[in-house]
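Novice: Here's a sequence, model it:
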Amino acid sequence: MSGLTHDGLDAPIWHPFTSLHEWQFARWITKNLGQSQTDSLLKLPLVRTVKSLLYTALFKEHYDLSFHNSYSLMKRIDQLPMGPDWTCELVHIKGDRVDETGKLMAGDAELWMRDPLECIRELMSNPAFRDVVCYAPERAYADEEGKEHLYDEMWTADWWWNTQLKLPPGAVVAPIILSSDETNLSQFRGDQKAWPVYLTLGNIAKDVRSRPSSHATVLIGYLPVSKLEMFTSETCSAARHRLYHFCMSRILRSLVQAGKDGVDMTYPDGFVRRIFPILAAYVADYPEQVLAASCRKNTCPCCLVDPKRRGEPLHTEFRDPETTLSIIRAHMKGEDEPHFVQLNLRPIYTPFWHDLPFANIHTCFTPDLLHQLHKGVFHDHLLKWCRKHVGKEEIDMRFQRMTPFPGLRQFSSGISSVSQWTGAEHQEMEKVFVGALTGTVNKNWSAVSKALVDFIFYARLHTHPLANFHKEKDIVIQDGIRKHFNIPKMHSTAHYADFIRSHGSTVGFNTEHPERLHIDYAKVAYAPMTKWLRRQEAVELRRAPILYYCDVDLRGSGERLQQDARTEGVILPKHSPPGASPRLFRLALSCPSPNTRVDRLVDQYGTQNFIPALNSFLSKKLPRSPARATERDLRCLYTYTIHAAPGQPAQGRHPPQPPSFDTVLIVDPEADSGIRPIPSIEASLRVARVRALFTIPGDIGQVTGPLAYVELFTPLRVKDPTSGLYLMSASTRNHRRHSVVVSVDDFVSPCHLIPKSSPPASWPRQWAPDTVLDVASQFYLNMYIDLHTFVLFWPNG
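Specialist: The predicted model follows:
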């Protein structure tokens, strides 16, 4: 490792630090501690004696830290290669208000920025992106005939192909993805705001560029946030809009000529290519979308739909940037007023995109899953409609008693008490909303709810049907919940399918990503912020080649972990449904309940039919082996209690823990044995409740891998007519639960069941999340619990 060098220098790759360990320690301090905390840490006796503590069998040498306080650490950080320089430009603003002397009021605003072209150069030369960058468009198909087009990464979509045809041979398109979001400064700054602008490239794989830890998205500027007190209340808004466009033009000015003529850059693979940086996408919420498009509010920034007809399933012509510019310029000359008013344009006569080559601002706006779907369509509209229709008490009660699922949030106090919602909480509610609502509303309301929740899940795929919603939506008006559907966020969903065909999957364009970046980039005011930011970037710029030359996969979790011989705890099931990625199951690396007796399994785990079920399994798997299990043979049984655990009594201040026996989808043992035909994928699956996970001694039978004792539910045959969810109940044999032993290899995925009450109007008050699987008689299979399950069942939903 010590022989690794960088940039042709004889110094080690971690220079100016003395070792890789010191580099890792310095990076951790820089990322996590402030100046005073760093000084306090380095003054600790334990750290000051690090010279003796770092003597190990692996590194047989003594060395001390080369820095002793925050100042000396920062001096070393400042020796690292830095990113593009920051500059501050004063924007002089002359208002229309008169001061006490009779002169027009004026002021200056700070515009902090750096050259986006240099930022692109920095991204493109990063060796860590070598295996996750694409240089040319591609086509992907789901079938050999090429009839079903797959849209995933940006280079598989139509925009890149169409743009490539406009450029000379050999040109490389660099699709620029901008994002901006005005936000409050987070460190006790009162009402001070920041307006950061970020840049990333569509050449980089979406799962990499959307991860903040990969640093594939860079900050290129801070737009000034001024109260513009030099303007009157009537003109202040227009002045703010013009200031935004002027500052964006200043930030992006280097891209104008580069987009026309191209510029040579060294790519991560070491080759020099001529790239053409072209604005392809703009990630922003609705207010910033209409601001960037020079449109007024309550107007679609993408198409020419009548604002009064946004609630209808119309296919309206997209806005054309050349037409927009010509009408704006005519208005500046006092001409064409009717068209200016008809298109709901603002008097912004030099929008920032007017000279960006090949850019169409109206098709740049990306689907905003956070604000348009999770916070908008679901929370602000669908949830409020249903609470008015059903009653918030009933909705709260159903969320309080919802069956548990690994990772699913339990709203123990209901949802009415939540004062501040996040995107994650909205998504948690969406996972159970259709099932929770089923039985409390009629088929029309159920169809409306299902259609909108379906669309939220479909938005992450390539198909976006909303026909069912428009067919049934009138029930919301008939019940007096709403008067119309002229909702901007609702209308925006009409453009999702077009955007996916042109730009790829919506997952790669999400406002949650820039909001996450605000944690780092919207902390303090700009001047100290830029110095702090350059040091942070210097650390990450050095980290990238270290990770690359140490052979780290950027698609993984980040830093490469040392190989652990205990990875046997990870199991990859053999059975995975079409269209979905295989799921990993993790078992305990150390058994929490070794030498478990069978009588304990029966008493505490509820495995009433354990010995017969295990012998039935052995007779099928090992038909020629005479060995069969008895209670005496299995005193050395090993169990794995991964969500298959009995309850635990209270210990000290720790409350008692309820039992946890989760449900999973497995390959149906009856279908697998040929008892009945398999007409479809769901007919080959069965819901089962896991009571125990275990291994058996080798003298009974050579069975590889852990086994599971499960209780079966009835086959997936009957669907609820309103929600489309499969309906089932506990399967019985001879008046006892139908239980079998299966291999964990037969697990397909975890699954979630939602109880069905009879009568369905209200859930019994004695139901509780920990016991409802034992006391309810019928259940819905929740296809919305995760995208994996949704993909498995949606073709037939």
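Novice: Can you show me the helices along the stretch 1-150 of the chain?
Specialist: Assigned by DSSP state H, counting those that start in this stretch, the helices in the stretch 1-150 of the chain fall at 20-32, 35-42, 45-48, 50-53, 70-77, 116-124.
Novice: Ranking those helices by mean neighbour count, which comes first?
Specialist: Compared across the helices of the stretch 1-150 of the chain, helix 116-124 shows the largest average neighbour count, a mean of 21 (mean count of other C-beta atoms under 10 Å). From N, CA and C alone the C-beta is placed, and that goes for glycine too.
Novice: pull the helix or strand with minimum mean pLDDT from the protein.
Specialist: strand 570-571 (a mean of 38; mean pLDDT, DSSP states H and E).
Novice: about what we covered before: could I get the helices of the stretch 1-150 of the chain as TSV with mean pLDDT and distance to residue 446?
Specialist: Below are these laid out as TSV (pLDDT from 0 to 100; distance: least, C-beta to C-beta, whole Å):
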stretch	mean pLDDT	distance to residue 446
helix 20-32	82	49
helix 35-42	84	54
helix 45-48	69	62
helix 50-53	50	64
helix 70-77	87	59
helix 116-124	92	48
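Novice: would you turn those into CSV with distance to residue 406?
Specialist: As requested, the helices of the stretch 1-150 of the chain are exported to CSV (distance: least, C-beta to C-beta, whole Å):
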stretch, distance to residue 406
helix 20-32, 29
helix 35-42, 36
helix 45-48, 38
helix 50-53, 39
helix 70-77, 41
helix 116-124, 37
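Novice: How many neighbouring residues does residue 219 have?
Specialist: 24 (other C-beta atoms under 10 Å).
Novice: Point out the other helices and strands that the helix or strand hosting it packs with.
Specialist: Assigned by DSSP states H and E, residue 219 belongs to strand 218-222. Here strand 218-222 touches strand 104-113, helix 116-124, strand 196-201, helix 236-251, helix 526-549, going by 3 or more C-beta pairs under 8 Å, 6 or more residues apart in numbering; DSSP states H and E.
Novice: Pull up the pairing partners for it, direction included.
Specialist: Pairing partners of strand 218-222, with direction, according to DSSP bridges: strand 104-113 (antiparallel), strand 196-201 (antiparallel).
Novice: Tell me the bridge partners for residue 180.
Specialist: Residues in a beta bridge with residue 180, per DSSP bridges, are residue 197.
Novice: what's near enough to touch it?
Specialist: By C-beta atoms under 8 Å, 6 or more residues apart in numbering, the contact set of residue 180 is 195, 196, 197, 198, 223, 284, 288, 514.
Novice: Could you report the distance from it to residue 251?
Specialist: From residue 180 across to residue 251, the span is 10 Å (C-beta to C-beta, to the nearest Å).
Novice: isn't residue 137 right next to residue 160, touching?
Specialist: Yes. Counting by C-beta atoms under 8 Å, a contact exists between residue 137 and residue 160, whose distance comes to 4.1 Å.
Novice: Report the set of residues contacting both of those two.
Specialist: Common neighbours of residue 137 and residue 160 (C-beta under 8 Å, 6+ apart) are residue 173.
Novice: more neighbours, these two?
Specialist: residue 160 (24 against 19).
Novice: Tell me which other helices or strands the helix or strand that one falls within touches.
Specialist: Using DSSP H and E, residue 160 sits in helix 158-164. Judged by 3+ C-beta pairs under 8 Å, 6+ apart, the packing partners of helix 158-164 are strand 172-180, strand 272-283, helix 496-503.
Novice: Tell me which residues are up against that helix.
Specialist: Here helix 158-164 has contacts from 136-137, 154, 171, 173, 175, 202, 278, 280, 358, 363, 501-503, using C-beta under 8 Å, 6+ apart.
Novice: mind running it again at 7 Å?
Specialist: Contacts with helix 158-164, where a contact means C-beta atoms under 7 Å, 6 or more residues apart in numbering, come from 137, 154, 173, 175, 278, 280, 358, 501, 502, 503.
Novice: how far is it from where the chain is centred?
Specialist: Distance of helix 158-164 from its chain centroid, counting by C-alpha atoms, centre = their mean, to the nearest Å, is 26 Å.
Novice: circling back to that earlier point, show me the one of the helices and strands packed on strand 218-222 that comes nearest residue 228.
Specialist: Closest of these to residue 228 is helix 236-251, at 5.1 Å (criterion: C-beta to C-beta).
Novice: So which residues make contact with that closest one?
Specialist: Contacts for helix 236-251 (C-beta under 7 Å, 6+ apart): 89, 91, 93, 111, 113, 116, 197, 220-221, 223-224, 228, 231, 291, 346-348, 350-352.
Novice: how far away is residue 434 from residue 752?
Specialist: 12 Å.
Novice: for residue 104, same thing?
Specialist: 65 Å.
Novice: quick one, helices of the stretch 301-450 of the chain?
Specialist: Going by DSSP H, counting those that start in this stretch, the stretch 301-450 of the chain shows helices at 321-332, 337-342, 361-364, 384-390, 392-400, 423-437, 443-458.
Novice: avg pLDDT for the second one?
Specialist: This points to helix 337-342. What helix 337-342 shows for mean pLDDT is 86.
Novice: What is the neighbour count of residue 397?
Specialist: By the criterion of other C-beta under 10 Å, residue 397 has 17 neighbours.
Novice: do the same with residue 603
Specialist: For residue 603, using other C-beta under 10 Å, the count is 12.
Novice: Quick one: the strands in the stretch 651-797 of the chain, in order.
Specialist: 660-661, 663-667, 685-695, 707-712, 718-719, 726-729, 732-733, 736-737, 739-743, 747-751, 753-756, 778-781 (DSSP state E, counting those that start in this stretch).
Novice: chain center to the fifth one: distance?
Specialist: Between the centre of strand 718-719 and the centre of its chain there are 32 Å (C-alpha atoms, centre = their mean).
Novice: ok, and the closest non-adjacent residue to residue 702?
Specialist: With C-beta to C-beta, 6 or more residues apart in numbering as the criterion, residue 702 has its nearest non-adjacent residue at 7.6 Å, and that residue is residue 622.
Novice: What's the local residue count around the one you found?
Specialist: 15.
Novice: distance of it from residue 431?
Specialist: Residue 622 is 41 Å from residue 431, by C-beta to C-beta.
Novice: Equivalent analysis for residue 150, please.
Specialist: From residue 150 to residue 431 the distance is 26 Å (C-beta to C-beta).
Novice: ok, those two, which is more surrounded?
Specialist: Comparing residue 150 with residue 431 by other C-beta under 10 Å, the one with more neighbours is residue 431, at 24 against 15.
Novice: Could you pull up the residues touching that one?
Specialist: Shown in contact with residue 431 (C-beta under 7 Å, 6+ apart): 408, 784, 785.
Novice: Looking at neighbours, which among these is most surrounded?
Specialist: Counting by other C-beta under 10 Å, top hit in the contacts of residue 431: residue 784 with 25 neighbours.
Novice: neighbours around the nearest residue to residue 134 once chain neighbours are set aside, how many?
Specialist: Leaving aside its sequence neighbours, residue 134 sits nearest to residue 155 (C-beta to C-beta, 6+ apart; 4.5 Å). Counted by other C-beta under 10 Å, the residues lying close to residue 155 total 23.
Novice: okay but residue 155 is in contact with residue 139, surely?
Specialist: No. Look at residue 155 against residue 139 with C-beta atoms under 7 Å: they stay out of range, at 9.6 Å.
Novice: Okay, now the unreliable bits of the stretch 451-600 of the chain?
Specialist: 461-489, 518-530, 548-595 (pLDDT under 70).
Novice: Distance-wise, check the residue nearest to residue 212 when sequence neighbours are not counted relative to residue 200.
Specialist: Closest residue to residue 212 apart from its sequence neighbours, by C-beta to C-beta, 6+ apart: residue 516 at 5.5 Å. Between residue 516 and residue 200 the computed distance is 13 Å (C-beta to C-beta).
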